[in-house]
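Enquirer: Sequence and predicted structure below; questions after.
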Amino acid sequence: MKTIRQISCNVLVVILLASCMGNNYLPAATALEGGREFIDACLKGDFDKAAFYMINDSVNTEDLLKIKRDYNLKPSDEKYSYSGASIIINADETINDSTHIINYKNSYDKVARKVKVIKRNDRWLVDFKYTFDGNL
């Protein structure tokens, strides 16, 4: 009986340690959720989280690194203002069953922007390069 209890405790410790490691990000269930999570992570300077909600390709990764570098050069008070900004969704345009274009701005700088969100492998992910080149 003591051995079973000891094994159970060891298994519980391993599960707890595994759950503490890595990220706790949940895949987005909708295009709007995926876009919002990505945008919010960028506003808060959490670029690991933003990458989780982004299609992983070389152009997107390069664009995200550029945004991260620009963010890191901002003064602390500006970073604080961005991190506290609300996301304002102007439009969520459904292109087809697996593609949405989200037109948004944030409450701090109020500049209208767009992100393209694509469903891949049952996950809604931002195709960040669309923000810069605008091609579907």
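Expert: The structure has been received and is ready for your questions.
Enquirer: helices and strands around the helix or strand containing Asp77, which ones?
Expert: Secondary structure from DSSP states H and E places Asp77 in helix 76-83. Contact here means 3 or more Cβ pairs under 8 Å, 6 or more residues apart in numbering; DSSP states H and E; on that basis helix 76-83 packs against helix 31-44. Glycine gets a C-beta too; all of them are placed from N, C-alpha and C.
Enquirer: who touches Lys44 in this structure?
Expert: Listed by Cβ atoms under 8 Å, 6 or more residues apart in numbering, the contact partners of Lys44 are 82-83.
Enquirer: can we see that at 7 Å?
Expert: For Lys44, the contacting residues are Ser83, by Cβ atoms under 7 Å, 6 or more residues apart in numbering.
Enquirer: try Ala112
Expert: If you count contacts by Cβ under 7 Å, 6+ apart, Ala112 has them with 90, 103, 105.
Enquirer: Could you identify which of the residues you listed has the most neighbours?
Expert: Top of these by neighbour number is Lys105, holding 17 neighbours under the definition other Cβ atoms under 10 Å.
Enquirer: where's that residue relative to Arg120, distance?
Expert: 26 Å (Cβ to Cβ, to the nearest Å).
Enquirer: Same question for Asn96.
Expert: Separation of Asn96 from Arg120 (Cβ to Cβ): 13 Å.
Enquirer: hmm, who's touching the host helix or strand of Asp92?
Expert: Using DSSP H and E, the element containing Asp92 is strand 87-96. Applying Cβ under 7 Å, 6+ apart, the set of residues contacting strand 87-96 from outside is 32, 36, 39-40, 100-107, 112, 136.
Enquirer: which parts of that strand are buried?
Expert: By 16 or more other Cβ atoms under 10 Å, the buried positions in strand 87-96 come out as Asp92.
Enquirer: which residues touch Asn121?
Expert: Residues touching Asn121, when contacts are defined by Cβ under 7 Å, 6+ apart, are absent altogether.
Enquirer: give me the number of residues near Ser83?
Expert: Going by other Cβ under 10 Å, the residues that sit close to Ser83 add up to 13.
Enquirer: Please report the distance of the nearest residue to it once chain neighbours are set aside from Lys119.
Expert: Among residues not flanking Ser83 along the chain, Lys44 sits closest, at 4.6 Å (Cβ to Cβ, 6 or more residues apart in numbering). Distance, Lys44 to Lys119, by Cβ to Cβ: 25 Å.
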